[in-house]
Structure formats: structure tokens, C-alpha cells
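K.L.:
Take a look and give me a structure for this.
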Amino acid sequence: MRRSEKQLTDDQTKELLKKGEVMYLSLADEGTPYGVAMNYGYKDGAVYLHCAYEGRKMDIIKKNPKAAFMVVSSSELIKKETSCGWTCAFTSVMGDGTIEIIEGDAEKRAGLDALMEHYGKMENTYADKMVERTCVLKLTIDSCTGKTSPAPVKGE
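P.N.:
Below is the predicted model:
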């Protein structure tokens with residue numbers, strides 16, 4: 001990272017992943033970028049996502065399971081008198097990894113638990129038919145970096 005003073009520690013990065021609400025997932029469709037916002041669950045160094053078994057996202061993942069992601073926990077546009085003085089205060093994490101499609105019933109339920117627990121629902125039950133028709137994805141993180149750019153002090 002060019003501005004090392006803005007880099008979050010590993011612990012801060014993990015906390016941001018635990019608290020984020022939306023993950024922006026980026027895939028490569030034969031050289032064409034494809035991005036989608038998704039709910040997620042972060043647990044034990046992996047990200048769990050859920051979706052339908054069909055669609056463009058799944059077509060891409062089956063061809064190329066490599067992915068990039070971003071979670072933004074806060075952002076604020078800072079307006080100034082001069083156009084080039086505008087900036088944005090933010091805290092975010094971005095990284096990359098490999099996606100796998102979870103197959104087994106118990107593993108799918110564990111992935112769904114990670115998702116639900118991420119948003120605060122700790123005790124979960126799932127109808128068998130719902131689990132059967134829901135695709136659960138596991139994104140194993142290869143690398144990630146957190147960054148913060150705080151708002152400037154008034155008068156700057």
C-alpha cells in the first residue's frame with residue numbers, strides 16, 4: 001500500500017469484515033469484469049455467500065473461481081470550496097480469494113449459519129427444501145488489506 005499510515009492492522013481488518021453489511025464481489029467473465037453486491041458472513045478466515053444455482057454469477061464462478069471483494073464500513077463525502085479539494089473519508093477492506101460451491105447438507109447449513117450470525121441471528125433453523133435449493137459459496141481469502149482515510153480536521 002502506497003500510504004502505509006492509512007493501512008489497518010490485521011486485527012482491525014478482521015473486525016471490519018465481521019461488522020460489514022454488504023460485500024462487493026468482483027469476478028472475471030473471460031476478461032470482462034462483473035461485480036455484484038451481496039450479503040455475506042465472515043467466519044474463520046472465510047466468507048460465506050448464498051445465491052441461486054443458476055445465473056451469470058454462477059456461470060462465471062464455474063469457469064473461473066478466482067474473485068476479488070470489497071467491504072466499505074463507512075464513507076463520507078467531504079466538500080470543499082475548490083473542486084480539487086473534495087475528498088472522501090472512508091474505512092474499507094479489499095482482497096481476493098477462491099470461491100468453492102459447498103455441496104454437503106451439513107456444510108451448507110454451517111455456511112448459512114455464518115451468514116445469519118453475521119447479521120445477529122444466532123439460533124437458526126432451515127427448511128430442508130430451502131437448503132436444497134440454496135447455493136452456498138465459500139470464499140477462501142488469499143489476501144486482504146484494510147485501509148482508512150479519516151475526515152480532515154476542521155480548518156484543514
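K.L.:
which ones are touching the residue nearest the centre of the chain?
P.N.:
For the chain, M23 is the residue whose C-alpha lies nearest the centre (Cα atoms, centre = their mean; 3.1 Å). Contact analysis of M23 by Cβ atoms under 8 Å, 6 or more residues apart in numbering lists 37-40, 47, 49, 69-71. Where C-beta positions appear, they are placed from N, C-alpha and C, glycine not excepted.
K.L.:
among those residues, which are in strands?
P.N.:
37-38, 47, 49, 69-71 (DSSP state E).
K.L.:
Next one, pLDDT for A67 please.
P.N.:
According to the prediction, A67 has pLDDT 97.
K.L.:
Let me know how buried it is, in neighbour terms.
P.N.:
Neighbour count of A67, defined by other Cβ atoms under 10 Å: 25.
K.L.:
Ok, S26 next?
P.N.:
S26: 15 neighbours (other Cβ under 10 Å).
K.L.:
Just put the contacts of M23 in JSON lines and tack on neighbour count and distance to L27.
P.N.:
Shown next, in JSON lines, are these (neighbours: other Cβ atoms under 10 Å; distance: Cβ to Cβ, whole Å):
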{"residue": "A37", "neighbour count": "11", "distance to L27": "13"}
{"residue": "M38", "neighbour count": "17", "distance to L27": "11"}
{"residue": "N39", "neighbour count": "16", "distance to L27": "17"}
{"residue": "Y40", "neighbour count": "23", "distance to L27": "15"}
{"residue": "V47", "neighbour count": "29", "distance to L27": "14"}
{"residue": "L49", "neighbour count": "24", "distance to L27": "12"}
{"residue": "F69", "neighbour count": "24", "distance to L27": "10"}
{"residue": "M70", "neighbour count": "17", "distance to L27": "13"}
{"residue": "V71", "neighbour count": "24", "distance to L27": "16"}
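K.L.:
Tell me the one among those nearest to G85.
P.N.:
M70 (25.4 Å; Cβ to Cβ).
K.L.:
List the contacts of that closest one.
P.N.:
With Cβ under 8 Å, 6+ apart, M70 has these contacts: 23-24, 26, 92-94.
K.L.:
what does L27 give?
P.N.:
With Cβ under 8 Å, 6+ apart, L27 has these contacts: 33-36, 57, 60-61, 64, 66-67.
K.L.:
now, among the contacts of M23, which is nearest to R109?
P.N.:
Out of the contacts of M23, the member with the shortest distance to R109 (by Cβ to Cβ) is L49, at 14.8 Å.
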